[in-house]
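Chemist: quick one, what's the 3D model for this:
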Amino acid sequence: MISDLEHSTRPETRCADVCIIGAGAAGIALAVELSRGGQHVALLESGGLGEEDKTQNLYRSEIAGLKHEGIHFGRHRLYGGSTTKWGGQILELFDDDFETHSWIKGSGWPIRKKVLEPYYARALALEGLGQVTTNDRDVWREVGLEPPDLSASLTSFFSRWCREPNFTRLFDRVLTSGENLQVYLHANACEMLLAEDGESIRGIRVRTLSGKETVLTAKRYVLCLGGIETCRFLLQPHVGGRAPWHQNPLLGRHFQDHLDVYCADLTNVHPRLFPSYFDPVCTRGYRYESRFWLPFKQRQEAGLLNVGGMVFFENPPDDPLHRNWQTMKLLVRGRLREVAAADLPPLATGLPTLFHQIYRYLAQGRGYHPPKTRARLRVFCEQEPLGESRITLSSQKDAVGLFRSRLDWRVSELELKTIRQFVGVVQQAFAERQLARVIPDPDLAGNPDNFVSKIMDSYHHMGGARMAVEASQGLVDLDLKLHGTRNAYVCSSAVFPTSGFSNPTHTLLALAVRLADHLKNTT
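Modeler: Coordinates of the predicted model:
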């Protein structure tokens, strides 16, 4: 059931088994798992059914370091959160992302990949990918091709894409009709109220933008906010004294994002092998995207961070292929309200090219790019686990009285070294296999400061409340419970100790499923 606190004179405030703050990917997945397991769940969402400027304004933040687009454009405060905007790309962290490496300070997770493997599988089912092909070699076999041979220094792999990325549509029946699940819209969480013991949470203070206020109570509370917002919420001054988490100096420290940068142009591409290796794959109704990464052995020898890349096909300005493809998908899915009238004329004129792409998908299981498409090397690099980036509070307050966030985002020399060496490996491998000529950005080696200005963030906000066995090394324990509390948990990418270069959502959902099992077995 869904209630809107802005339009409710008497909101239902019965005690839930679990109160979840944040109705994005993690919050919805956790709520669905718990409610299906018989738990009574209250799911709080700051926004409404659609995006609203006044609610989005609560995210307005101060930037103290490098330019960071994602702090304003990569966060969406509405029912469904960022699942209403993202593409739905799914990728696990690699085995060695969980391991400790002597050359990387702070590397490793307090759990290993094998612990998360069954939860990764359950997360796939939650994402609507229960029947997706999980072995990359089998994907190539399904389209009648051999896996790419990129040399011993590069390994190819696939990411996978959700058919329906919007979790409010994916779980509409449970969210709107589930007996054990109550969704509250326009419910801005302002404070976790401490009990007299100083370790238990007795309620969550909720306020609307119009000034309505209530307290929701539950046995356990879970913060499923975005990575930046998690730190911002926990950093807020606590009425009546310091909360347990305020005593931890690591709160807000070691923020990480994935460095995203175009590093080279690709020319003289092999007419047969290049599209065979790097065009998207579509088989049995699922989409896969070809990527490549630097294997662990090479990174270990060179003392590098985890890094990978892809061939990015940039359509010419006069070719509206991508826009037309998105419009066609909306029409096929019956989402007519999301189609802008201005998108229909270009769709009509671009139908011949679009039908060519559809034919190639259906007949060959491959994507299609026009002949004039520009090919570029796009690199994704993890940041140092104990880097200098951090989240603090601004002196300015938002409309519900919370201090705004302040982000100091930085790029380290090790991160630049990793990108430079990865581009060199790609350059040599592509030349040996006669795949393409790689022409690196001259600033990569010649003008590092200028190159740093070209680096983009990936809207992947991680760290700041890292997971650790002891409070001296992190904010939450192995069950995601806040150190120093009895019934407060954090299920957010803020708990990631390291980030690899994989998109974080899939790992976050695996953690959500694991936490659901823990909460169902905890009284």
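Chemist: burial measure for T505, as a count.
Modeler: Counted with other C-beta atoms under 10 Å, the neighbours of T505 add up to 25. Using the backbone N, CA and C atoms, a C-beta is placed for each residue, glycine as well.
Chemist: kindly report the same for K397.
Modeler: 11.
Chemist: for L402, same thing?
Modeler: For L402, using other C-beta under 10 Å, the count is 21.
Chemist: who are the contact partners of it?
Modeler: By C-beta atoms under 8 Å, 6 or more residues apart in numbering, L402 lies in contact with 58, 190, 232-233, 236.
Chemist: in helices, which of those residues fall?
Modeler: 232-233 (DSSP state H).
Chemist: for the contacts of L402, which single residue is the most surrounded?
Modeler: If you rank the contacts of L402 by neighbour count (other C-beta under 10 Å), R232 sits at the top with 28 neighbours.
Chemist: from I204, how far out is the residue nearest to it when sequence neighbours are not counted?
Modeler: Among residues not flanking R232 along the chain, S405 sits closest, at 4.2 Å (C-beta to C-beta, 6 or more residues apart in numbering). As judged by C-beta to C-beta, to the nearest Å, S405 and I204 stand 20 Å apart.
Chemist: bridging residues for I439?
Modeler: Residues in a beta bridge with I439, per DSSP bridges, are D265.
Chemist: can you count the residues close to it?
Modeler: 15.
Chemist: now it: how far from D265?
Modeler: The value you get for I439 to D265, if C-beta to C-beta is used, is 5 Å.
Chemist: would you map the helices across the stretch 401-523 of the chain?
Modeler: 413-432, 443-446, 448-452, 505-520 (DSSP state H, counting those that start in this stretch).
Chemist: in the protein, what spans have low per-residue confidence?
Modeler: Within the chain, the ranges that satisfy pLDDT under 70 run 9-14, 316-322, 325, 329, 331-336, 350, 353-354, 356-372, 523.
Chemist: how close does the residue of the chain positioned farthest from its centre sit to R202?
Modeler: Within the chain, the residue lying farthest from the chain centre (C-alpha atoms, centre = their mean) is E196, at 36.6 Å. Computed as C-beta to C-beta, the E196 to R202 distance reads 8 Å.
Chemist: go on, R173?
Modeler: The spacing between R173 and R202, counted by C-beta to C-beta, is 33 Å.
Chemist: the more surrounded of those two?
Modeler: R202 (15 against 8).
Chemist: and the more buried one, that's in a strand?
Modeler: Yes: under DSSP: H, G, I helix; E, B strand; the rest coil, R202 sits within a strand.
Chemist: so it sits against A195, correct?
Modeler: Yes: R202 is within contact range of A195, at 4.2 Å (criterion: C-beta atoms under 8 Å).
Chemist: can you pull out the helices in the stretch 251-400 of the chain?
Modeler: Going by DSSP H, counting those that start in this stretch, the stretch 251-400 of the chain shows helices at 273-278, 296-302, 321-332, 344-349, 351-364.
Chemist: quick check: the gap between the closest residue to G81 other than its chain neighbours and N503.
Modeler: Spatial nearest neighbour of G81, excluding adjacent residues (C-beta to C-beta, 6+ apart): G24 at 2.5 Å. G24 sits 14 Å away from N503, going by C-beta to C-beta.
Chemist: same question, F94
Modeler: In terms of C-beta to C-beta, F94 sits 13 Å off from N503.
Chemist: the two: which is more packed in?
Modeler: Shown here are F94 and N503; by other C-beta under 10 Å, N503 has more neighbours (22 against 19).
Chemist: contacting residues around the more buried one?
Modeler: Counting by C-beta under 8 Å, 6+ apart, the residues that N503 touches are 89-91, 159, 458, 460.
Chemist: kindly report the same for V32.
Modeler: 126, 171, 174-175, 181.
Chemist: at 7 Å what do you get?
Modeler: 171, 174 (C-beta atoms under 7 Å, 6 or more residues apart in numbering).
Chemist: which strand or helix spans it?
Modeler: Here V32 is covered by helix 25-36, with elements defined by DSSP states H and E.
Chemist: buried residues in that helix?
Modeler: 25-35 (16 or more other C-beta atoms under 10 Å).
Chemist: need the three-state assignment for the nearest residue to E289 once chain neighbours are set aside.
Modeler: If the residues on either side of it in the chain are set aside, E289 comes closest to S159, at 4.8 Å by C-beta to C-beta, 6+ apart. At S159, secondary structure determined by three-state DSSP is strand.
Chemist: what's around S159, how many residues?
Modeler: S159, neighbours per other C-beta under 10 Å, totals 19.
Chemist: buried sites along stretch 32-49?
Modeler: 32-35, 39-48.
Chemist: now, which of those residues lie within strands?
Modeler: Taking DSSP state E, the ones among those that sit in strands are 41-44.
Chemist: the stretch 51-200 of the chain: helices as residue ranges?
Modeler: Using DSSP H, counting those that start in this stretch, helices in the stretch 51-200 of the chain cover 53-56, 70-73, 113-126, 136-142, 167-170, 172-177.
Chemist: who touches the third one?
Modeler: Meaning helix 113-126. Counting by C-beta under 7 Å, 6+ apart, 29, 92, 95, 98, 130, 132, 506, 509-510, 513-514 sit against helix 113-126.
Chemist: now those residues in CSV, please, with extra columns for distance to N487.
Modeler: As requested, these are arranged in CSV below (distance: C-beta to C-beta, whole Å):
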residue, distance to N487
A29, 20
E92, 30
D95, 33
F98, 27
G130, 32
V132, 36
H506, 27
L509, 23
A510, 23
V513, 20
R514, 18
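Chemist: biggest separation within those residues, which pair?
Modeler: Maximum pairwise distance among the contacts of helix 113-126 (C-beta to C-beta): 24.3 Å, between F98 and G130.
Chemist: okay, these two: which has more neighbours?
Modeler: F98 (20 against 10).
Chemist: pretty sure the more buried one is touching R112, no?
Modeler: Yes: the pair F98 / R112 is scored as a contact, 5.1 Å apart, by C-beta atoms under 7 Å.
Chemist: what bridges to the nearest residue to F496 once chain neighbours are set aside?
Modeler: Nearest residue to F496, sequence neighbours excluded (C-beta to C-beta, 6+ apart): M462, at 4.2 Å. Under DSSP bridges, the beta-bridge partners of M462 are Q256.
Chemist: what's the spacing between M462 and G308?
Modeler: 16 Å.
Chemist: could you do L251 as well?
Modeler: 30 Å.
Chemist: which one's more surrounded, those two?
Modeler: Neighbour count, other C-beta under 10 Å: between L251 and G308, G308 has more, with 25 against 21.
Chemist: is it true that that one touches E289?
Modeler: No: counting by C-beta under 7 Å, G308 stays clear of E289, with 11.7 Å between them.
Chemist: rewinding a little: next, give me the two most distant ones among the contacts of N503.
Modeler: Pairwise over the contacts of N503, using C-beta to C-beta, the maximum falls at I90 and S458, 14.9 Å.
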